[in-house]
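Participant: from the sequence below, what's the structure:
(chains A and B)
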Amino acid sequence: MPTLQTRYFDQLHYGDGDPFRFAAGIPGFEDHTAFLLIQQPKTKPLVFLQSLHDPAVCFVALPARVADPEYRLELSVEEAAALDLPEAEMTQDSPDLLSLVLLTFVENADPVVNLMSPIVLNLRARRGIQAIQLGSNYSLRHTLTLESQAATCS
Amino acid sequence: MLVMRRRAGESLLLGSEIEIEILEVGPTRVKLGIIAPPQLAISRKEVLLTRAANLTASQNQNPEMLAWLSRKLASQDTNTVNSLTPLTKPTEFPDNSF
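Facilitator: The predicted structure follows:
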């Protein structure tokens, strides 16, 4: 079983079929063509995308629907092909698809998520892309509203 | 911003070495042809913005912030959280990082 040094989880054993292939990497990380999706009960609903190419590269992400329950994903034909997704399943409701939004902490403010460029995974084919949603009006820096924090303020 | 009107088949020049031709005008998109020196990087703006956002996102996380945030999120709508369970088959990893 392959082993990987990770940024947050020390050494990790994973199965040969676990990594997601990103044929073109993602912008800024074009050489990173394989990521592991990691979740653990303690940090749910956060998930982690750990690069297989560099232990220091690990993105923190959230399912898009957690950041925005109304989130809508639109895939182009090219993106569906990169995900190895049959055209008949090109809707966001395909059970094989998972959209994740990358999270960034902001000093002294709520964290932001990138709704414009979600990471889209095909859970069955183990393929991934970063799908840039043009014309969607989704923000690159959408502030995550934390209900419990609002409750503390009132 | 300089604004120009062009039809399909017409061009404009930036300096003497860069030419942008309007190849096709569709209902929602235009197709451009660009002739430029090979050393000139040409990128779609949204890819550059995404690259910058990715670089920032890859840098600034620390475990305390992650633990804090997951506590905040966990106390939100539990239905939403529970619906996430079938993400992927569980991957083994030590549970002592947070």
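Participant: going by C-alpha atoms from here, please, whenever you check contacts or count neighbours.
Facilitator: Fine.
Participant: what's the longest strand in chain B?
Facilitator: strand B:18-25 (DSSP state E).
Participant: and the helix or strand following it, does that touch chain A?
Facilitator: Sequence-wise, the next helix or strand downstream of strand B:18-25 (DSSP states H and E) is strand B:30-35. No: Strand B:30-35 does not reach chain A (Cα under 8 Å from any Cα of the partner chain); its nearest approach is 14.2 Å.
Participant: buried ones in strand B:30-35?
Facilitator: By 16 or more other Cα atoms under 10 Å in any protein chain shown, the buried positions in strand B:30-35 come out as residue B:34.
Participant: that strand packs against which elements?
Facilitator: Under the contact criterion of 3 or more Cα pairs under 8 Å, 6 or more residues apart in numbering or on different chains; DSSP states H and E, strand B:30-35 touches strand B:18-25.
Participant: for the strand it packs on, buried residues please.
Facilitator: B:21-22.
Participant: what does that strand rub up against?
Facilitator: B:6-14, B:30-37 (Cα atoms under 8 Å, 6 or more residues apart in numbering or on different chains).
Participant: what pairs with that strand, and is each one parallel or antiparallel?
Facilitator: Strand B:18-25 pairs in its sheet with strand B:11-14 (antiparallel), strand B:30-35 (antiparallel), by DSSP bridges.
Participant: need those strands in a markdown table (columns: mean pLDDT).
Facilitator: Output for those, formatted as a markdown table (pLDDT from 0 to 100):
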| stretch | mean pLDDT |
| --- | --- |
| strand B:11-14 | 96 |
| strand B:30-35 | 96 |
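Participant: just give me the neighbour total for residue B:64.
Facilitator: 9 (other Cα atoms under 10 Å in any protein chain shown).
Participant: secondary structure element for it, which one?
Facilitator: Using DSSP H and E, residue B:64 sits in helix B:63-74.
Participant: thinking again about what came up before, residue A:105 is nearest to which of the strands paired with strand B:18-25?
Facilitator: Smallest distance to residue A:105 across the strands paired with strand B:18-25 (Cα to Cα): 37.1 Å, for strand B:30-35.
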